[in-house]
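Q: Got a sequence here, can you model it:
(one chain, ligands or ions: 1)
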Amino acid sequence: MNHELILASQSPRRKQLLTDAGYSFTVDAPDDSVERGMCSNCSPEELVVESAFLKAAAIAKRHEAGLILAADTVAVCGSETLGKPVDRDHAEKMLRMMSGKRHRVLTGVCMRIAGTSQIKTWLEQTTLVMSDLEDEQLQGFLDSDQWIGKAGAFGYQDGLDWVRIVEGLASTVVGLPVEKLPEWIREVEAS
Ligand SMILES: Cc1cn([C@H]2C[C@H](O)[C@@H](COP(=O)(O)OP(=O)(O)OP(=O)(O)O)O2)c(=O)[nH]c1=O
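A: Residues are numbered from 1 along each chain as shown. Just a heads-up that it's a prediction; the model follows:
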């Protein structure tokens, strides 16, 4: 990598994934307002890519150089796109919707080199299946507050035994497909 890496995210999970993969980087996170006012009638695939693009753009403005990395994650169940729950009731609604079903988690990623027009976006997808959640199990999980700040109201990294991956990378579910980064960094640096 020829540039200093800047993670444009407030997500502790993205920071952890990047650290565990051995990258050195600084963090400059966009505020939540970047995600508001997004296209309301676009597909979830378009939404995560557009959101990652906007997050990277907001941070690129503040830097003269460096490789900016931004991402956005949602869960998709049937025709519903599930972002971060706003409260416990919202989290419960999401989990009841996914209970006993397959769903997908999409992560859009944007990398851009500040001070240049070099920019790329990518989309990754992982399919999961959730067991039928018993009422008691669901209430216990909601009481634990582990759903807070997580798209679809669950954290795959929390070792839950009622959700498993059918196809795709676990890192995509947790918010950043780090296994793809070496290839993607080469692509954006060559663009
Ligand atoms: C599905 C799932 C999501 N998540 C998290 C990853 C993201 O932090 C969050 C999705 O919200 P995002 O809006 O993608 O990210 P964020 O608001 O946390 O951070 P930023 O916009 O600054 O980058 O859900 C998990 O941690 N585990 C999971 O299993």
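
Q: how about the CA coordinates for stretch 165-184, as PDB?
A: Provided in PDB are the C-alpha atoms of stretch 165-184 (Å, rounded to 0.1, in the frame of the first residue of the first chain):
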ATOM      1  CA  ILE A 165     -23.800 -18.400   7.700                       C
ATOM      2  CA  VAL A 166     -25.000 -20.300   4.600                       C
ATOM      3  CA  GLU A 167     -22.700 -18.600   2.100                       C
ATOM      4  CA  GLY A 168     -20.300 -15.700   2.200                       C
ATOM      5  CA  LEU A 169     -17.700 -14.100   4.400                       C
ATOM      6  CA  ALA A 170     -18.300 -13.500   8.200                       C
ATOM      7  CA  SER A 171     -16.400 -10.200   7.900                       C
ATOM      8  CA  THR A 172     -19.100  -8.900   5.500                       C
ATOM      9  CA  VAL A 173     -21.700  -9.500   8.200                       C
ATOM     10  CA  VAL A 174     -19.700  -7.700  10.900                       C
ATOM     11  CA  GLY A 175     -19.200  -4.700   8.600                       C
ATOM     12  CA  LEU A 176     -16.000  -4.900   6.600                       C
ATOM     13  CA  PRO A 177     -14.800  -7.700   4.300                       C
ATOM     14  CA  VAL A 178     -11.200  -7.400   5.200                       C
ATOM     15  CA  GLU A 179     -10.100 -10.500   3.200                       C
ATOM     16  CA  LYS A 180     -10.900  -8.400   0.000                       C
ATOM     17  CA  LEU A 181      -8.900  -5.400   1.000                       C
ATOM     18  CA  PRO A 182      -5.500  -6.300  -0.500                       C
ATOM     19  CA  GLU A 183      -7.100  -6.700  -4.000                       C
ATOM     20  CA  TRP A 184      -9.300  -3.600  -3.600                       C
END
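
Q: Could you pull up the mean pLDDT of that stretch?
A: In this model, stretch 165-184 carries a mean pLDDT of 97.

Q: That stretch near the ligand anywhere?
A: Yes: residues of stretch 165-184 are located near the ligand by C-beta under 6 Å from any ligand atom, namely 173, 174, 175. From N, CA and C alone the C-beta is placed, and that goes for glycine too.

Q: In a markdown table, list the residues you listed along with secondary structure and neighbour count.
A: Compiled in a markdown table, the residues of stretch 165-184 next to the ligand are given as follows (DSSP: H, G, I helix; E, B strand; the rest coil; neighbours: other C-beta atoms under 10 Å):
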| residue | secondary structure | neighbour count |
| --- | --- | --- |
| 173 | helix | 29 |
| 174 | helix | 23 |
| 175 | coil | 26 |
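
Q: Show the contacting residues for the most far-flung residue of the chain relative to its centre.
A: Within the chain, residue 136 marks the point farthest from the mean C-alpha position, 28.6 Å out by C-alpha atoms, centre = their mean. Counting by C-beta atoms under 8 Å, 6 or more residues apart in numbering, residue 136 makes contact with nothing.
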